[in-house]
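Colleague: Pasting the sequence and the predicted coordinates here, then a few questions.
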Amino acid sequence: MAAMFLMLMFVSIAEAQVFDIGKYGGKPNSNIAQALTSAFTEACASTTPSKVLVPKGTYNLSPVKISGPCKAPIEIQVHGIIIAQTENDPATTWVSFQYIDHLTLSGGGVFDGQGHKVWGKCGNNNYCKHLPINLAFNFITNGLVQDVTSKDSKQFHVNVLGSKELKFLRFKISAPEHSINTDGIHIGRSKGISVIDSRIETGDDCVSIGDDSQQITVTGVTCGPGHGISVGSLGKYQNEGPVIGITVKNCTISNTMNGVRIKTWPASFPGTASNMHFEDIIMNNVGNPVLIDQVYCPWNQCNAKLPSRVKISNVSFKNIRGTSSTPVAVKLACSSGIPCQGVEIANIDLTYTGKDAPKALSQCSHVQPKVSGRMNPPACNSPVGAN
Ligand SMILES: *[C@@H]1O[C@H](CO)[C@@H](O)[C@H](O)[C@H]1NC(C)=O
Ligand SMILES: *[C@@H]1O[C@H](CO)[C@@H](O)[C@H](O)[C@H]1NC(C)=O
């Protein structure tokens with residue numbers, strides 16, 4: 001009786017049980033796919049909190065699916081450097097985490113996608129689209145990803161889909177500016193996702209937020225190189241869910257193609273995006289620092305003459321300062337069919353750094369923003385397309 005009581009006590013105060021991949025045959029410089037999935041499967045079956053451990057060392061890994069549901073909270077602690085295969089495999093994702101509640105991914109480790117071996121072949125866009133994403137978080141709830149690096153992804157670094165309450169903390173993304181289609185963190189059909197105190201250097205959007213996303217927070221993020229932080233593009237597909245509640249705050253964006261932007265396709269399906277707030281942002285040599293683009297039409301893939309049917313409302317850009325690498329520092333190009341509503345700009349101070357250095361421009365169409373505080377360039381001092 002006393003022994004049993006002691007045992008129960010022990011279980012309830014015990015540290016998480018550790019499942020070291022070494023015990024499952026995972027050795028440095030070998031492919032740990034089997035060892036990692038075996039360790040995970042056993043840990044996942046544990047009824048008390050567990051930890052899968054990838055010790056220091058360099059490992060290879062072929063594409064794996066780390067799938068729940070698990071019986072108790074689970075932490076995957078990666079101390080090592082994990083390297084993707086370089087031969088072209090048909091997987092759409094290198095490492096997927098899916099259907100896990102209370103997942104923590106931590107440990108200071110690196111997931112190296114070896115993208116530099118394929119970016120050069122990326123001339124044809126279709127080829128690039130089939131390259132694997134580094135890390136997918138599908139249907140994860142109450143998750144935490146902290147102190148982990150995604151390096152040189154072949155395509156997107158991170159894709160978050162169908163997840164709720166997932167936090168990225170001190171997450172690091174690194175890939176060179178010329179890497180193609182390497183979005184940092186793409187979030188779609190998810191709720192309560194936050195990216196906090198993280199550094200993102202990549203070749204495409206640092207953070208991109210797709211349809212059906214709610215309560216997304218991006219704070220303390222440094223972005224660049226890359227294409228900035230964006231909502232969209234929206235409206236390309238039928239029945240897209242609304243985007244509601246985006247906060248981007250206390251971020252520094254440097255040497256990127258865009259700053260903070262909302263983009264929707266012209267001639268689009270209907271949709272809505274509302275309550276999006278961009279605040280306390282420093283721009284260093286950024287192209288299009290503040291941008292609403294409802295005529296987003298890369299590669300002339302659409303009929304730009306028909307208006308976007310995505311309704312944008314309740315948007316604010318506040319306390320945004322620094323330098324613009326393009327003459328148009330602020331551009332609010334809203335839909336001619338459904339003008340933007342409830343747009344507010346306050347305390348904008350952006351200087352154009354070009355050689356001939358004309359004054360920075362602020363262009364507006366189909367929007368009447370509420371303006372307050374310092375305004376450099378003066379709000380809506382030129383029509384869209386004047387430059
Ligand atoms: C702002 O972001 C930086 C990281 O860039 C972070 O260290 C700092 O704590 C943040 N400040 C606030 C008030 O959140
Ligand atoms: C926009 O804000 C106004 C005023 O706060 C509010 O009444 C309205 O419902 C909001 N619209 C959306 C789509 O959230």
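Modeller: On my side now, so go ahead. Ligands and ions are numbered 1, 2, ... in the order given.
Colleague: check contacts around the residue of the stretch 151-300 of the chain found nearest ligand 1.
Modeller: Among all residues of the stretch 151-300 of the chain, residue 220 sits closest to ligand 1, at 3.2 Å; criterion: Cβ to the nearest ligand atom. (Glycine included, C-beta is placed from N, CA and C.) For residue 220, the residues meeting the contact criterion (Cβ atoms under 8 Å, 6 or more residues apart in numbering) are 196-198, 250-251.
Colleague: how close does the residue of the stretch 1-150 of the chain found nearest ligand 2 sit to residue 46?
Modeller: Closest to ligand 2 within the stretch 1-150 of the chain is residue 141: 25.5 Å, counting by Cβ to the nearest ligand atom. When distances are taken as Cβ to Cβ, to the nearest Å, residue 141 and residue 46 turn out to be 18 Å apart.
Colleague: now swap in residue 306 and tell me
Modeller: Relative to residue 46, residue 306 is positioned 56 Å away (criterion: Cβ to Cβ).
Colleague: re the thing from before, surely the residue of the stretch 1-150 of the chain closest to ligand 2 is in contact with residue 165?
Modeller: Yes - under the criterion of Cβ atoms under 8 Å, residue 141 makes contact with residue 165 at 6.0 Å.
Colleague: which neighbours do these two share?
Modeller: Shared contacts of residue 141 and residue 165, counting by Cβ under 8 Å, 6+ apart, come down to nothing at all.
Colleague: How about the residue of the stretch 101-250 of the chain found nearest ligand 2, nearest residue that isn't a chain neighbour?
Modeller: Among all residues of the stretch 101-250 of the chain, residue 244 sits closest to ligand 2, at 7.1 Å; criterion: Cβ to the nearest ligand atom. The shortest distance from residue 244 to any residue that is not its chain neighbour, by Cβ to Cβ, 6 or more residues apart in numbering, is 4.7 Å, and that residue is residue 214.
Colleague: Pull the contacting residues for residue 137.
Modeller: Counting by Cβ under 8 Å, 6+ apart, residue 137 touches 97-98, 143, 145, 158-161, 163, 166.
Colleague: any idea which helix or strand carries it?
Modeller: Assigning secondary structure by DSSP states H and E places residue 137 in strand 133-138.
Colleague: what's the spacing between that strand and its chain's center?
Modeller: Here the centre of strand 133-138 is set off from its chain's centre by 11 Å, with Cα atoms, centre = their mean, to the nearest Å.
Colleague: for the record, mean pLDDT for it?
Modeller: The pLDDT scores in strand 133-138 average 97.
Colleague: Ok, stretch 189-201 next?
Modeller: pLDDT averaged over stretch 189-201 equals 98, rounded to a whole number.
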